[in-house]
Every structure is written in structure tokens, then in C-alpha cells.
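Participant: Below are the sequence and a predicted model for it; my questions follow.
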Amino acid sequence: MIAQVFIDGAAGTTGLEIRERLGGRPEIQLVVLDDQDRKDPGKRDEALNSADFVILCLPDDAAREAVAMIRNERTRVIDASTAFRTAPDWTYGFAELEPGQVTAIAEAGRVSNPGCYPTGFLALVRPLIRAGLIPHDFPLSVNAVSGYSGGGRSMIAEFEGADAERSTTAYRPYGLALAHKHVPEMQKHARIVHPPIFMPSVARTYRGMVVEVPLPLFAFTRKPSVEALENVLRDAYRDSPVVQVLPADVPTIAIEENAGSDRLAIRVFGNDETRQARLVATLDNLGKGAAGAAVQNLNIMAGLDPTAGLVL
Ligand SMILES: NC(=O)C1=CN([C@@H]2O[C@H](COP(=O)(O)OP(=O)(O)OC[C@H]3O[C@@H](n4cnc5c(N)ncnc54)[C@H](OP(=O)(O)O)[C@@H]3O)[C@@H](O)[C@H]2O)C=CC1
Ligand SMILES: CC(=O)N[C@@H](CCC(=O)OP(=O)(O)O)C(=O)O
């Protein structure tokens, strides 16, 4: 069977990346509206209701509107926006996050694609929380730096534009009011009692990210060793072609490490004398942080090879 896939928002940053990964696959027929029709409500309505799968690459409000336009039971949706990531009736599209998640995605009609920062954070902490090595009521924090394509077309214009509004900064922390839209998503899917303190920043590089979680192991009841943390993470991602646990034998890590790929790499650094650990993930905000995850979810929902079209 050939799956008909409509990408709503196909001209945007995430939509273009998904198109690249899906193009040329014989098992998929892509439906993309012409530039003059891509915001036409009638044309979108028709495409949304005729496709087998719809991938929404839109701002949150437009994504909510698109979902409301779907009137049939058949069309299945993957939403790349923040709109439904904590909604109880949507399935969270992070295939590696929990045992059984792939089956849940395969059977779902509505799948929310994770945010780029939550992808890094959850990959680092969720197996450790599940195993009881991080107490579920511990006040976690997460530091992260993203390439500027993470802010979509408007931030790309801000960094690359020629006008007076152009930003010339090399590195810029933001989310300083501690109310970033990704925090509820992180808390819910990590299954933790407190919202993590989230410290995002943007750097003058197009794509790629580093997400870090510091752990004062001495303050935990079980006081796990650094090796114990790494073993749990290795075990959790043993069979994954996408998430890899690498040896912590490097002196530095570049934000570009996984830029241009759909991989997510994890390393566990630490000091057993001071009982401190530093969990570090690298991924591409447009790869496993957006388009790679969407393509993986589509493959799983359509019963195709889960890694088809991914850059690994
Ligand atoms: N960039 C990233 O790294 C990530 C992005 N996401 C999420 O993916 C979604 C898309 O983001 P991104 O690709 O970065 O954003 P962009 O701004 O690059 O693209 C959004 C696209 O949606 C179009 N659009 C806006 N409103 C409508 C509408 N009513 N009908 C049809 N098309 C519309 C825009 O057209 P126009 O420009 O003409 O208005 C644009 O082409 C967002 O929800 C974002 O949060 C998720 C993870 C990572
Ligand atoms: C650098 C930058 O601005 N990044 C975006 C998040 C990118 C992402 O994951 O997007 P969504 O949750 O919107 O899908 C931000 O912090 O809002």
C-alpha cells in the first residue's frame, strides 16, 4: 500500500526537512500544496481530509486549527508543534522513551512530536528516573544550547538578515523568566514531581544542540556511581539505531556533533570522589529534535521500516 502524506507547513523550516527525508520513497506519496495555495483554507481542508497521514509543521494556533478541520476517522496526525505534547488523548511520539512506546505510536491516531529540548532532556533522565537512580522528587535542572534554526524562519532571518534588526550575538541565554513552553512537557514525560529549572540559549550556528543535566549524586538517597548511571542508559538504548550511549572519553563536545543527522548521542561524565555527574546529549534540533522524529513516527504508524529515510 502507498501511504498518502500531506505536510501542512511544508514551506517552513521543519516542513522542508521532512520533505527532504520523505522525497523519493516509493511507499510514500507526498501531497504538498503550491505556494499560492498553501494557506488557502479550502485547499488545506481538502488535503487534510484526503490524506492517510498528515504532518503538521505549523505554529501552535495553526496546528490546533488544522486538527479541528479534520472531520474523518481515517486521517492520522503527527503534530510537530507544542500544541498537543501534554494533551492526555495524544500519544507522545518519542519511540525510545518507554518500553511499549513503539506499539503505542503504531496504534495511535494522534501523535505529538516531541520538542527539541525535551528530546535531549528526556533521553538523558527518563531511564534513570524509571530505574530509581534519580529520585522522582529531585529538583532537576537542564542547561542547553541550540542552533538558531530552532526558532524557525523568524529567528533564521534575525541571524542571517541584512537589516538593522540583525542579531550579531555569538551566544544568547533566554527563557530567563523560567516559563519556557517546554517545561510542562519535560515534567510530564519525565514523570517528575517538580518542573525542572530550564536554562536554554541560542548560538550563532544554524543547527545542532547540546543538552546537559548536572546531577549531585551525593545528595541522592541511593548515591549511585557514575558507572551505574551509564549502565542503565546503555541498557535502555541497547537496541536503538538512533540513540547511542558513547564513552565519556573526550575532553570537549561540539554543538555540531550530530548536526545534519537524526542521531542523538549521550555521554555520562562524572567524578566518583565528589559523587557528581554531568549527563550530556547532542542532537540536531531539526533532526531527532523535529524532522527525524516525525519521519520515525510516520514509519512506525504506517508499519514501515522505522529508520527508513533517516540520516543515521
Ligand atoms: N525549528 C525547529 O528546530 C523545531 C520546530 N518545531 C515546531 O515545528 C513547527 C514549525 O516550526 P518551524 O518549521 O521552525 O517554523 P517556520 O516558521 O519555519 O515554518 C512554519 C510554516 O508554517 C506556515 N504557516 C503559518 N501559519 C499557517 C497557516 N495558517 N496555514 C498554513 N501554513 C501556515 C508558515 O508560512 P509563512 O512563513 O508564510 O507564515 C511557515 O511556512 C512549530 O510548531 C515549531 O514549534 C519543533 C521542533 C524543532
Ligand atoms: C532556539 C529556539 O528558539 N528554540 C525554540 C524551540 C524549538 C523547538 O523545539 O520547538 P517547538 O517546541 O516550538 O516545537 C524555543 O526555544 O522556543
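Facilitator: Good, I have the coordinates. Because the structure is a prediction, the values reported are computed rather than measured. Numbers count the residues shown, from 1 in each chain. Ligands and ions are numbered 1, 2, ... in the order given.

Participant: which SS class is Ile78?
Facilitator: Under the three-state scheme (DSSP: H, G, I helix; E, B strand; the rest coil), Ile78 adopts strand.

Participant: List the contacts of it.
Facilitator: Shown in contact with Ile78 (Cβ atoms under 8 Å, 6 or more residues apart in numbering): 53-56, 93, 111-113, 294, 297-298, 301. (Each C-beta comes from the backbone N, C-alpha and C, glycine too.)

Participant: Could you rerun that using 7 Å?
Facilitator: Contacts here follow Cβ atoms under 7 Å, 6 or more residues apart in numbering; on that basis Ile78 touches 53, 55, 93, 111, 113, 294, 297-298.

Participant: And for Ala66?
Facilitator: Shown in contact with Ala66 (Cβ under 7 Å, 6+ apart): 8, 44, 48, 56, 58.

Participant: quick one on the thing from earlier: please tabulate the contacts of Ile78 in a markdown table, including the columns neighbour count.
Facilitator: A markdown table is the format used below for the contacts of Ile78 (neighbours: other Cβ atoms under 10 Å):
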| residue | neighbour count |
| --- | --- |
| Phe53 | 20 |
| Ile55 | 30 |
| Gly93 | 26 |
| Val111 | 26 |
| Asn113 | 31 |
| Ala294 | 26 |
| Asn297 | 29 |
| Leu298 | 28 |
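
Participant: Adding pLDDT and secondary structure, write those residues out as JSON lines.
Facilitator: Putting the contacts of Ile78 into JSON lines (pLDDT from 0 to 100; DSSP: H, G, I helix; E, B strand; the rest coil) gives the following:
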{"residue": "Phe53", "pLDDT": "98", "secondary structure": "strand"}
{"residue": "Ile55", "pLDDT": "98", "secondary structure": "strand"}
{"residue": "Gly93", "pLDDT": "98", "secondary structure": "coil"}
{"residue": "Val111", "pLDDT": "98", "secondary structure": "strand"}
{"residue": "Asn113", "pLDDT": "98", "secondary structure": "coil"}
{"residue": "Ala294", "pLDDT": "98", "secondary structure": "helix"}
{"residue": "Asn297", "pLDDT": "98", "secondary structure": "helix"}
{"residue": "Leu298", "pLDDT": "98", "secondary structure": "helix"}
